[in-house]
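Novice: what's the 3D shape of this:
(one chain, ligands or ions: 1)
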Amino acid sequence: MFWKKKKKDNEETPKSNLGRLISDLFSKTDNLESFYNELEEMLISGDMGGTVAIEIVDELRERVKKGNIKEKENILIELRSIIAGSLKTAEFLPEHDTLNLFLVLGVNGVGKTTTIAKLSQYYKKNGFQKILFSAGDTFRAAAIDQLKIQGERTGNRVVAQAHGSDPGAVIYDSISSAKSHGEELILADTAGRMHNKANLVKELQKIDKIVNSNMAGGQYRKVLILDATTGQNGLQQAEAFNDAVHVDGVILTKYDATARGGLIVAISRKLNIPIAFVGHGEGLDDLSVFDPESYLNDLLALK
Ligand SMILES: Nc1nc2c(ncn2[C@@H]2O[C@H](COP(=O)(O)OP(=O)(O)OP(=O)(O)O)[C@@H](O)[C@H]2O)c(=O)[nH]1
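Specialist: Down below sits the predicted model:
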C-alpha cells in the first residue's frame, strides 16, 4: 500500500483489485476495443464513476491511436499518465505566527473526530504544539463527548458548549479563546446531516461567514472527510459540501478497509478538489500525506 503498513505475520500486502484486473485483462484479450470496454467497466467498479471512467478511456484510446502504441506495457504507461494528470494534491499545513482554523466537514460516521485527533498528532510532529479542538457538532451530544475524549487523549484543549447550542457560537468562542490562550491552530468539528441538506447548507454557510469575519490575517481552510469505502456516495457528498461552502481539500478515511481506490481520481478530476491526506487505520498515526506516485503504483500495481 502507499503508506507503511504494520504487517501481521503471514499477511500479504493487499494489492489494488484494479491493477490485478487490468493485468489479467491484458492477457485475456488482444482486441483493443474489447479491452477498452472492459477497462471502462473496471474503472467504474473501482469507484471512479461513469463519467470519469469514460473520459479516461476515451483519452487513452486517442493517445494509443495517435502514438500508434502497440505494446501492452506502453498502453499501461499511458493510462497511468492520464490518471496522474487527473490527480490534485494540497499541502495542508498551518502557518506559524498566525491563527489557523481548519473546519472539518463530513457526514456522520466518516471519521471526523478520529481524523481531528490524527491531524493534531501530525501537526505536533511538524512543530505546532498549541492546538485547540472546537466542538462544532452540537447536533449530537455524543459528538461533543467524543471530541472531549480525543482532546484528553491527545493533550489538546477543547472548546464546547451544550448539546443543541448554536455551532456558529461555538466556533466564534473557539476563535476568541484561541486568541487569548495563544493556540496557533483550531481544528473545528461540524455536524453532517446529509438527510437534511437545506439545514446543513444554511448552517455551514453561517459558520463560514463567522470564521471569515473573525479570522482576518489568519489561515482558514475547509477540509472534507470522506469514507473511502462508500464509493460513489462519497462523490455525491463531496459535490454537496463543495456546493454549500467551497472545499479546499479532502481527507479520505478507512483506506485500509477498501481495495478500490478510484474515488480519489473521481474527486480530483470531476470536482477539482485536491486530496490532502489518507487515513488508514484507527490509530493516531494512521494518517499519511497523499502521495500520488505511490498511490498510482498501488492502484495500477506497477512497481
Ligand atoms: N479502519 C479505519 N477506521 C477508521 C478510520 N478513521 C476512522 N475510523 C473509525 O470510524 C469510526 C467513526 O469514526 P468517528 O471519528 O467517530 O467518525 P465521525 O465522523 O466523527 O462520526 P460521528 O461523530 O458519528 O459523526 C470509528 O470507529 C473510527 O475508529 C480509518 O482510517 N480506518
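Novice: is the ligand contacted by stretch 171-190?
Specialist: No. Stretch 171-190 lies apart from the ligand when judged by CB under 6 Å from any ligand atom; the minimum separation is 7.0 Å. For every residue, glycine as well, the C-beta is placed using N, CA and C.
Novice: show me where pLDDT drops low in this structure?
Specialist: By pLDDT under 70, the low-scoring segments of the chain are 1-17, 29, 194-196, 301-303.
Novice: Show me which residues of this structure sit near the ligand.
Specialist: So the chain meets the ligand at 106, 108-114, 143, 146, 253-254, 256-257, 279-282, 286 (CB under 6 Å from any ligand atom).
Novice: Selecting buried members of the residues you listed in ChimeraX, what would you type?
Specialist: To isolate the buried members of the residues of the chain next to the ligand in ChimeraX, using 16 or more other CB atoms under 10 Å:
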select :106,110,111,112,113,114,143,146,253,254,256,279,280,281,286
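Novice: Verify the stated contact: Glu203 with Ala191.
Specialist: Yes. With contacts counted by CB atoms under 8 Å, Glu203 reaches Ala191, the gap being 7.0 Å.
Novice: Now list whatever residues contact both of the two.
Specialist: Residues touching both Glu203 and Ala191 by CB atoms under 8 Å, 6 or more residues apart in numbering: Pro167.
Novice: Which helix or which strand is home to Ser294?
Specialist: helix 292-299 (DSSP states H and E).
Novice: Pull out the buried residues from that helix.
Specialist: 292, 295-299.
Novice: likewise stretch 184-197?
Specialist: Quick answer for stretch 184-197 (16+ other CB under 10 Å): 184-192.
Novice: could I get it in PDB with only the CA atoms?
Specialist: Extracted C-alpha coordinates of stretch 184-197, given in PDB (Å, rounded to 0.1, in the frame of the first residue of the first chain):
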ATOM      1  CA  GLU A 184      -2.000  28.500  16.700                       C
ATOM      2  CA  LEU A 185      -4.400  26.000  15.300                       C
ATOM      3  CA  ILE A 186      -8.100  25.300  15.700                       C
ATOM      4  CA  LEU A 187      -9.400  22.000  14.400                       C
ATOM      5  CA  ALA A 188     -13.200  22.500  14.300                       C
ATOM      6  CA  ASP A 189     -15.700  19.700  14.100                       C
ATOM      7  CA  THR A 190     -19.000  20.200  12.400                       C
ATOM      8  CA  ALA A 191     -22.300  18.300  12.100                       C
ATOM      9  CA  GLY A 192     -23.000  16.400   8.900                       C
ATOM     10  CA  ARG A 193     -26.700  15.900   8.400                       C
ATOM     11  CA  MET A 194     -26.900  14.900   4.800                       C
ATOM     12  CA  HIS A 195     -30.600  13.900   5.100                       C
ATOM     13  CA  ASN A 196     -31.400  17.500   5.800                       C
ATOM     14  CA  LYS A 197     -29.400  19.200   3.100                       C
END
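Novice: ok, which stretches of the stretch 1-150 of the chain are strands?
Specialist: 100-105, 131-134 (DSSP state E, counting those that start in this stretch).
Novice: ok, and which of those strands has the densest surroundings?
Specialist: strand 131-134 (a mean of 26; mean count of other CB atoms under 10 Å).
Novice: Spatially central, which residue of the protein would that be?
Specialist: Ile251 (2.1 Å; CA atoms, centre = their mean).
Novice: Doesn't it lie inside a strand?
Specialist: Yes. According to DSSP: H, G, I helix; E, B strand; the rest coil, Ile251 belongs to a strand.
Novice: wait, it sits on Ile225?
Specialist: Yes. At 5.2 Å, Ile251 counts as touching Ile225 under the criterion of CB under 8 Å.
Novice: Give the intersection of the neighbour lists for these two.
Specialist: Thr115.
Novice: Whatever residue of the stretch 201-303 of the chain ends up closest to the ligand and Asp166: what is the separation?
Specialist: Closest residue of the stretch 201-303 of the chain to the ligand, CB to the nearest ligand atom: Gly279 (3.1 Å). Taking CB to CB, to the nearest Å as the measure, Gly279 and Asp166 are separated by 29 Å.
Novice: likewise Ile264?
Specialist: For Ile264, the distance to Asp166 equals 35 Å [CB to CB].
Novice: now do Tyr220
Specialist: For Tyr220, the distance to Asp166 - CB to CB - is 19 Å.
Novice: can you check Asn37 too?
Specialist: Using CB to CB, Asn37 is found at 53 Å from Asp166.
Novice: and what of Glu78?
Specialist: 53 Å.
Novice: Also Leu300?
Specialist: Counting by CB to CB - Leu300 and Asp166 are separated by 48 Å.
Novice: quick one: which of those two has more around it?
Specialist: Neighbour tally, Leu300 and Asp166, criterion other CB atoms under 10 Å: the higher count belongs to Leu300, 21 against 15.
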